[in-house]
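In: Let me see the structure of the following:
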Amino acid sequence: MKSIMENKKTPSGLIQLLLVVVIIIVGVLIAVVFIKYKKPPQRQEQTVLAPLVKVEHLDRRDIQMIIRGYGTVNPRLQVEIVPQVSGKVVWVNPQFKAGGFIRKAELIFKIDPRDYELSVRQANAAVAEAQVMLDLEKAEAKIAKEEWLQLHPGEEPDSPLVFREPQIRQAQARLESANAVLATAELNLERTQISLPVDAMIMNERIDLGQYVMIGQSVGAAYGIESMEIEVPLEDKELAWFAIPDNTVSVNTEESPGKGAIAQVKANFAGEEKCWPGYVVRTTGQVDKTSRLISVIVEVSEPFKDSDSTPPLLPGMFVEVLIEGNILKNAIAVPRDAIRNNNEVWVAKDGQLHVQPLEIVRANRDFAYADSGLDDGDMIIVSSLDAVIEEMKVRIQTEPKTSTTFAEVVEDQTPTPKVRTE
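Out: Numbers count the residues shown, from 1 in each chain. This is a model prediction of the structure:
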């Protein structure tokens, strides 16, 4: 029975095996056909795009140099208030305190004058006594001369004592001494009332009503509000670009050295940027041993002048100073970011990059100023490239001009003085 069933299954197994073999053979034949008649892939050259660069158009023009520096505001006049006489303080100006304002010749405080008034009275009495003595000597000399002429007509005495000339000179000297003592007493009386010869702001005070002050004792400090000064350290090469008054004029003659280049003083005050006009007035006359810089002094007149838009320029403020310099004729201002290898730029022309050397005459933090090496309307590349080859292909993307002159910004904020460009 078992052998009969095995015989029945054998044909079915063979059929399945044959089907598998047929399928494999057909697949191989199809693969051979596809491989034989397959078209080779078409070759296509890959397009390499030139790098896209940003460029700016530059034009030649007359450019006024702006020399930039920083410094701290200091009062031009600062004094210690020191009494020249001793005594008890009997009156103090309510404004004599830190931040108080004292007008020119306004009384600051007063020392008890009674002792000095008595000294004036004593000096007046001494003058009167010396005058009487002189008058007596002159009268006696007149009498002596008359007696001599009666006894010795036409003769001159052998000694000046006869006409009492030495006695008269002695009396005159005593009178002059008494007048000097009187003048000193009156001067000391005037010095009991302390004032200042300029409008001033009080920095500090160290006296109270009833306090006894001594000669030479500092009782406070004040600064004049007529002008402020800023010491601005600069490299010596920058001094060639603006006018500085000659300091030797005031040394060799009585003439004032005058004012130099116009300057702008800028500072952030109460959250806003403020500007004050000023002038270069002199240099410090020495080079700093550490930094090797030389400082110029910029003066701002009337820093406390009433203004709705500009606050007072206060001592101790850290400010930026912009000095109006000479005009550089027919020059090009190149953004500093576009300068390569200290004195080269990349110029885009006819879709190619060219490396162009420049003759740079001055540079600051924003621009380099060149008088040769570029033509009017040249396009310089301001973007960065990893590798640069002369005459390499580039694609151009024009950037709007960013070289706005500094004066155009300043003029919107402060109409005077007009610093024209950088």
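In: Show me what the longest helix anywhere in the chain is packed against.
Out: Longest helix in the chain by number of residues (criterion: DSSP state H): helix 114-151. Counting contacts by 3 or more C-beta pairs under 8 Å, 6 or more residues apart in numbering; DSSP states H and E, helix 114-151 is packed against helix 165-190. For glycine as for every other residue, the C-beta is placed from the backbone atoms N, C-alpha and C.
In: buried set for the helix it packs on?
Out: Neighbour-count burial for helix 165-190, counted by 16 or more other C-beta atoms under 10 Å, picks out 167-168, 171, 174-175, 178, 181-182, 185-186, 188-189.
In: What is the subsequent helix or strand relative to that helix?
Out: Sequence-wise, the next helix or strand downstream of helix 165-190 (DSSP states H and E) is strand 193-194.
In: Run through the neighbouring helices and strands of that next one.
Out: Using 3+ C-beta pairs under 8 Å, 6+ apart, strand 193-194 sits against strand 109-111.
In: Just checking: what are the partner strands of the strand it packs on?
Out: strand 87-92 (antiparallel), strand 193-194 (antiparallel) (DSSP bridges).
In: all strands of the stretch 151-300 of the chain, in order?
Out: 193-194, 200-205, 212-213, 220-224, 227-234, 262-269, 272-287, 294-301 (DSSP state E, counting those that start in this stretch).
In: Throw those into a markdown table and include distance to E146, mean pLDDT and mean neighbour count, thanks.
Out: Output for the strands of the stretch 151-300 of the chain, formatted as a markdown table (distance: least, C-beta to C-beta, whole Å; pLDDT from 0 to 100; neighbours: other C-beta atoms under 10 Å):
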| stretch | distance to E146 | mean pLDDT | mean neighbour count |
| --- | --- | --- | --- |
| strand 193-194 | 52 | 96 | 18 |
| strand 200-205 | 64 | 95 | 20 |
| strand 212-213 | 58 | 96 | 16 |
| strand 220-224 | 64 | 96 | 20 |
| strand 227-234 | 68 | 96 | 21 |
| strand 262-269 | 79 | 92 | 20 |
| strand 272-287 | 70 | 92 | 18 |
| strand 294-301 | 70 | 95 | 21 |
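In: So which of the ones you listed is nearest D115?
Out: strand 212-213 (12.2 Å; C-beta to C-beta).
In: what does that closest one rub up against?
Out: 83, 86-89, 111, 207, 219 (C-beta atoms under 8 Å, 6 or more residues apart in numbering).
In: Produce a ChimeraX select command limited to the buried residues of these.
Out: Applying 16+ other C-beta under 10 Å to the contacts of strand 212-213, the buried members can be selected in ChimeraX as follows:
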select :83,86,87,89,111,207,219
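In: Dump the contacts of strand 212-213 into TSV; add pLDDT and distance to K237 as well.
Out: As requested, the contacts of strand 212-213 are exported to TSV (pLDDT from 0 to 100; distance: C-beta to C-beta, whole Å):
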residue	pLDDT	distance to K237
P83	96	50
S86	97	56
G87	96	58
K88	97	60
V89	97	55
I111	97	55
I207	92	51
V219	96	47
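In: Identify the residues contacting L313.
Out: 73, 228, 265, 267, 276, 300, 303-304, 319.
In: Could you find the closest non-adjacent residue to it?
Out: The shortest distance from L313 to any residue other than its chain neighbours is 3.7 Å, reached at P303 (C-beta to C-beta, 6 or more residues apart in numbering).
In: Done for today, thanks.
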